[in-house]
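1. pasting the sequence and the predicted model now:
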Amino acid sequence: ALERTLSIIKPDAVAKNVVGEIYARFEKAGLKVVAAKMKHLSRKEAEGFYAVHSERPFFNALVEFMISGPVMIQALQGENAILKNRELMGATNPKDAAPGTIRADFADSIDANAVHGSDAAETAAVEIAYFFAATEVFPR
Ligand code: CMP
């Protein structure tokens, strides 16, 4: 099915100057950028985005990391975009990520793991709406 997914290039990957290399991977896989913005998240924005993890032991470290520098946020559209993006990203922990995936190539740790991607259709819709107004998404 034609889907959209929310992708975040995290502060570590923005700092490494690999935004373009990561965008190229999306495009080569047939995913189109249909919305994008760079943003330095406030603590409230990061806490709200990751609210489902608020009881997890890693929550505070995750929020601190996500507000440590600007992120690049995009909505991606394509056939099976959610799973396709997760395959491009690789496993959450870069130590477990398959060779050639974004996390294997650019991530340093489970916290500084280069990218976020929505895990299901329901969360994708919520996550896209969290950062983009309907008028900021350009289906094409
Ligand atoms: P992300 O896909 O952005 O979703 C939540 C983030 O929490 C995850 O990527 C990791 O960067 C971070 N995290 C830190 N520790 C863990 C953990 N033990 N399990 C899952 N996610 C973790």
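-> Okay, I see it.
2. do a quick rundown of the helices in this protein.
-> Using DSSP state H, the helices of the chain run over 11-15, 19-28, 43-49, 59-66, 81-89, 102-106, 121-131.
3. got the residues of this protein near the ligand?
-> Applying C-beta under 6 Å from any ligand atom, we find that the chain lies next to the ligand at 53, 58, 62, 92, 110-111, 113, 116. (C-beta placed from N, C-alpha, C; glycine too.)
4. cutoff 5 Å now
-> Proximity of the chain to the ligand (C-beta under 5 Å from any ligand atom) is limited to residues 58, 62, 110, 113, 116.
5. neighbours of the residue nearest to the fourth one when sequence neighbours are not counted, how many?
-> Yep, that's N113 we're talking about. Nearest residue to N113 in three dimensions, chain neighbours excluded: A107, at 4.3 Å (C-beta to C-beta, 6 or more residues apart in numbering). The number of residues packed near A107 is 26, by other C-beta atoms under 10 Å.
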